Structure formats: structure tokens, C-alpha cells
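> model the structure of this input:
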Amino acid sequence: QVQLVESGGGLVQAGGSLRLSCAASGRTGDKYAIGWFRQAPGKEREFVAAITWSGGTTTYADSVKGRFTISRDNAKNTVYLRMNSLKPEDTAVYCCSAGFRFTATSDGYDYWGQGTQVTVSS
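The predicted structure is shown next:
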């Protein structure tokens, strides 16, 4: 079992930045890939970014490419999502997830955090 806790969300103006954190506990010795997903009210969950256990490979949704950066510090069991040039359409609950597959699909992940709210005002 792996427990994931997100933090760092909040209210920011368009064009601003936030850094989300995903702290893992439990069986952190396993080599999990981490994915970030988001869900806005009335919309389906969508993929944002993912990173392999080593951190050597990352992938992003087209909508955030060039603005968001995913990284990880395995010594701290933490994955980060740096979000720059935020837009109102980035408003959503952001959740991190852990799994053995490096994938952009949510069914590839086994463990999920509760999420953190990001609100971008225009």
C-alpha cells in the first residue's frame, strides 16, 4: 500500500505559478511511476503529466506542455508539479497517483491521493 497526499494548491491569478507536491508514504521502496490528473467541475478526469520512478522520462498533456514541469525527489518520497503561466481553464482538483505502469491513462495507476484544489482567476 502507498498513501499519497497532495499539497500546494490555492487561488492564483492568471499568468501566475504554483508548485504542487505529492508526498508518498507506505511502500515507497517500490519503483512507482507517478501521474498527475485533474478534474474540473462537470468534466471528466484528464491526464496532466507523468514521470517514471527514475525521473528520467516524463510526459505531458498537450494542454500543459511547455507550462508545467513534473519532477521527483525519491530521497524525500515526493513528486512535484510546477505550474507556470496558469490559465483559468487550469482550474480543477489535481490528484497524484502511483502505479507500476508509466502511462497517461488513469486505469494504469493503483493508488490515488485525495487531491488539492487549484483555482485560477481571470
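> where's the residue positioned nearest the centre of the chain, which helix or strand?
Residue closest to the average C-alpha location in the chain (Cα atoms, centre = their mean): Trp36, at 2.7 Å. Secondary structure assignment for Trp36, by DSSP states H and E: strand 33-39.
> touching that strand from outside, list them.
20, 22, 24, 45-53, 70, 72, 79, 81, 90, 92-104, 106, 108-109, 115, 118 (Cβ atoms under 8 Å, 6 or more residues apart in numbering). For glycine as for every other residue, the C-beta is placed from the backbone atoms N, C-alpha and C.
> Gln117: neighbouring residues, count only.
Gln117 has 12 neighbours, counted by other Cβ atoms under 10 Å.
> report the contact partners of it.
9-10, 92-94.
> would you confirm that Tyr32 contacts Arg101?
No: Tyr32 is beyond contact range of Arg101, at 9.5 Å (criterion: Cβ atoms under 8 Å).
> follow-up on the earlier one: TSV for the contacts of Gln117, including distance to Asp62?
TSV is the format used below for the contacts of Gln117 (distance: Cβ to Cβ, whole Å):
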residue	distance to Asp62
Gly9	22
Gly10	25
Ala92	16
Val93	20
Tyr94	17
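> report the buried members of those.
9, 92-94 (16 or more other Cβ atoms under 10 Å).
> restricted to strands, list those.
Secondary structure from DSSP state E places 92-94 of the buried ones among the contacts of Gln117 in strands.
> which of these lies closest to Ser63?
Nearest to Ser63 out of these is Ala92 (Cβ to Cβ; 11.1 Å).
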